[in-house]
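Asker: Next come a sequence and a model predicted from it.
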Amino acid sequence: MTARIRKPREKDGGREGKARNFTVGRDSEATRGAKGGAFSLARAAYALSVHDPREFPRPGAPEIAFAGRSNAGKSSAINTLAGQRRLAFVSKTPGRTQLINFFSLGGAAYLVDLPGYGYAGVPGEVREHWRHLVGTYIAERTSLAAVVVVMDARHPLTELDLTLLEWLRNSGRQTHVLLTKSDKLSKQAAQATLARVRNALATASPGATAQLFSSLRREGIEEAAGILARLASAKKQSPG
C-alpha cells in the first residue's frame, strides 16, 4: 500500500525534513505586532507531512485542520487565507495527495491540511488508509482546536459531508463550515444556501458555524480569519 501513497512532499517544492517540535513557544515582539496578532495566517509556512499516525509530531500549539471533499476548493481556500499561491498543493487529480500536511503560523498555531475525501478511481486500500490516518488524527489529536469543513456552495451537505459532520460531533470537535465557490451562485442563491446549511447544522452539528467564501473574489477572508483565531485562542487557553 505504501507504494500508492505519496511520500512527504518530496516533489512539492523540495519540502521534506524531520519532525519538528510543535510545543508553544513565546511569541516574539514581531509576531505579536504582525497583522492578525500572534495568529497570523500570512505567516503560514510548511512544516511537516505525515502519512502514518505514528509519525505525528508531539502535540502543542493549537491546530486548525481543514477537511473537505475532493474538488471542493480546500487547497485554494487555505492558499487564499494565507495569501499564498502554492502553500497547499492544488492537484488536478482528486485524491492524489494522501498526506496530512502541517503549516506553522510562526509557532503560535498550525494549519493542518487533511487529505480530500470522496474521491473516485482509487484503490480501496487507499481509501482505508485515509480513514485510518484522518480518523486517528481527529479522534486522538489533543492539540486539535477545530476542523474547518470545506463544502462547494453549489453542492453542500452531501452524504459524505454529513458523515464527516457526525464523525466530528461524536469526537467533540469544534466545527466551522466554509461554503467555497460562492461566486458561482447569485447573491440571493448564496444567502439561501447559507441559511439552509446553518439550519441543517443546528441538528447535524450543534454549535457549528458556517459562512460563504470565495477564493476567486477573495470574499469571506476576514470573517474566516477571525473565527479561526478565536477557536485557536480558546484551545490555547483551555488545552486538552
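Answerer: Cool, got the structure.
Asker: okay, CA-based contacts and neighbour counts for the rest of this
Answerer: OK.
Asker: List the buried residues of the host helix or strand of Gly226.
Answerer: Here Gly226 sits within helix 221-237, counting by DSSP states H and E. By 16 or more other Cα atoms under 10 Å, the buried positions in helix 221-237 come out as Ile221, Ala224, Ala225, Leu228, Ala229, Leu231, Ala232, Ser233, Lys235, Lys236.
Asker: average pLDDT across it?
Answerer: On average, the pLDDT along helix 221-237 is 94.
Asker: Which strands or helices does that helix pack on?
Answerer: The criterion is 3 or more Cα pairs under 8 Å, 6 or more residues apart in numbering; DSSP states H and E, and the helices and strands that helix 221-237 contacts are strand 63-68, helix 74-82, strand 144-152.
Asker: I'd like the next helix or strand past the least confident helix or strand in the chain by mean pLDDT.
Answerer: Across the helices and strands of the chain, mean pLDDT, DSSP states H and E gives its lowest value to helix 29-33, namely a mean of 32. Using DSSP H and E, the helix or strand that follows helix 29-33 towards the C-terminus is strand 44-50.
Asker: That following strand pairs with which strands?
Answerer: Its sheet considered, strand 44-50 pairs with strand 100-105 (antiparallel) by DSSP bridges.
Asker: Identify all contacting residues around the strand it pairs with.
Answerer: 39-51, 110-115, 134 (Cα atoms under 8 Å, 6 or more residues apart in numbering).
Asker: Please tell me how far Leu165 sits from Leu157.
Answerer: 9 Å (Cα to Cα, to the nearest Å).
Asker: between these two, which one's more packed in?
Answerer: Leu165 (23 against 19; other Cα atoms under 10 Å).
Asker: That one reaches Ala202, doesn't it?
Answerer: No: Leu165 is not in contact with Ala202 according to Cα atoms under 8 Å; the separation is 11.3 Å.
Asker: Show me what the residue nearest in space to the middle of the chain bridges to in the sheet.
Answerer: Against the mean C-alpha coordinate of the chain, by Cα atoms, centre = their mean, the closest residue is Phe66 at 1.1 Å. Per DSSP bridges, residues listed as beta-bridge partners of Phe66: Asp113, Val148.
Asker: Enumerate every residue touching it.
Answerer: Applying Cα under 8 Å, 6+ apart, the residues near Phe66 are Lys74, Leu111, Val112, Asp113, Leu114, Val147, Val148, Val149, Val150.
Asker: again, only using 7 Å
Answerer: Val112, Asp113, Leu114, Val147, Val148, Val149 (Cα atoms under 7 Å, 6 or more residues apart in numbering).
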